[in-house]
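Participant: The following comprises the amino acid sequence and a computationally predicted model.
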Amino acid sequence: MNCTEFLSKMTDYFDGEIAPDLLVEVRAHLCECSHCEVVVNTTRRTIEIYKDNEIYEFSPELRERLHTAIMAKCVPSAR
Amino acid sequence: MTAIQSPVTEEIHPDVALVERAKGGDVSAFEQLVRQYDRQIFRVAQHITQNREDAEDITQDAFLKAYQKLDQFQGNSKFSTWLVRIAVNESLMRLRKRKTSKTVSMDEDVQTEEGAIPRDFADWSPNPEQQYGQGELGDILRKTIQGLSPGFRSVFTLRDIENLSTEETAEALGLSVPAVKSRLLRARLQLRERLSRYFRQKKESTA
């Protein structure tokens, strides 16, 4: 497996949706290619950082304001 | 021959009962669904539109639309996926109206080769986030995801931030599963490449 082939399998590898025989090839490639190993590790960190950090504030005030506005429109006659 | 039947029938999602009650006119059941998903819908809208006011409007519109169209919800998918799909459509429509973005179609961004091939192979610091204060880190993450095209942003948001499955993401975005996978790879690689500028290990620290 070369780097291009590895990249084409990376999403399936991350998502655990990879056939066992391909998984062996992927792991072998990662053992011998430090570049792809870095790409895998830093991509994993990229996903984790975005998951762990709520980057847009959703304050209780905003939440209440939206809630009130939504419910005011959702009267039974609106359906 | 039929296989041995499992004593547990398919688990019914608690939303199904709420939706049924809401369909029957129980506004409090719908209110519960709003409480459950308002944060997620706001986050999806804000990620895709990159605009706070739009995200507020879209959150309201998406729930109102869902309420008005409850009878059309057949329960073939999760209620949350159905709701996210409404919010995504509203968000993309909003972007088209604003026309500040060059690519608002879900199909255009696939043409670009940018970010398809990794170029930066520097490893990151062990705890890259700790190099920055919370405020600064937020700025970096917002700026970085803002640089993605809306199509890539949408896929990354649904799949990686909101934890939808590949199939649910495909359904919410009206894309095929292979299209989701290919966009997700590009989106992840582009974000990684851009974050590397901030998080790469400093040469001095390895000495």
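Facilitator: Great, that's in hand.

Participant: Run through the helices of chain B in chain order.
Facilitator: For chain B, the helices defined by DSSP state H cover B:14-23, B:27-49, B:52-68, B:79-98, B:134-146, B:150-156, B:166-173, B:177-199, B:203-206.

Participant: Just say which of those helices is most tucked in.
Facilitator: helix B:150-156 (a mean of 26; mean count of other Cβ atoms under 10 Å in any protein chain shown). Quick note: C-beta positions are derived from backbone N, CA and C, even for glycine.

Participant: Can you name every helix or strand that that one contacts?
Facilitator: Other helices and strands packing on helix B:150-156, by 3 or more Cβ pairs under 8 Å, 6 or more residues apart in numbering or on different chains; DSSP states H and E, are helix B:27-49, helix B:79-98, helix B:166-173, helix B:177-199.

Participant: let's go with 10 Å and repeat that
Facilitator: helix A:34-52, helix B:27-49, helix B:79-98, helix B:134-146, helix B:166-173, helix B:177-199 (3 or more Cβ pairs under 10 Å, 6 or more residues apart in numbering or on different chains; DSSP states H and E).

Participant: Tabulate these (TSV), appending mean pLDDT and distance to B:A122.
Facilitator: TSV is the format used below for the helices and strands packed on helix B:150-156 (pLDDT from 0 to 100; distance: least, Cβ to Cβ, whole Å):
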stretch	mean pLDDT	distance to B:A122
helix A:34-52	95	7
helix B:27-49	96	27
helix B:79-98	93	34
helix B:134-146	95	16
helix B:166-173	94	30
helix B:177-199	95	6
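
Participant: With respect to B:F121, which of those helices lies nearest?
Facilitator: The closest of the helices and strands packed on helix B:150-156 to B:F121 is helix A:34-52. By Cβ to Cβ, the value is 4.5 Å.

Participant: So for the closest one, what gets flagged as buried?
Facilitator: Within helix A:34-52, the residues that count as buried by 16 or more other Cβ atoms under 10 Å in any protein chain shown are A:C36, A:V38, A:V39, A:V40, A:T42, A:T43, A:R45, A:T46, A:I47, A:I49, A:Y50.

Participant: Distance of A:D21 relative to A:M1?
Facilitator: Remark: distance between A:D21 and A:M1 (Cβ to Cβ, to the nearest Å) = 11 Å.

Participant: B:R98 now?
Facilitator: 44 Å.

Participant: Kindly report the same for B:Y132.
Facilitator: For B:Y132, the distance to A:M1 - Cβ to Cβ - is 36 Å.

Participant: Low-confidence stretches in chain A?
Facilitator: A:76-79 (pLDDT under 70).

Participant: Nearest the middle, which residue of it would you pick?
Facilitator: Centrality entry for chain A: nearest residue to the mean C-alpha point is A:I47, 5.1 Å, by Cα atoms, centre = their mean.

Participant: Surely that residue is in contact with A:F14?
Facilitator: Yes: between A:I47 and A:F14 there is a contact under Cβ atoms under 10 Å: 8.0 Å.
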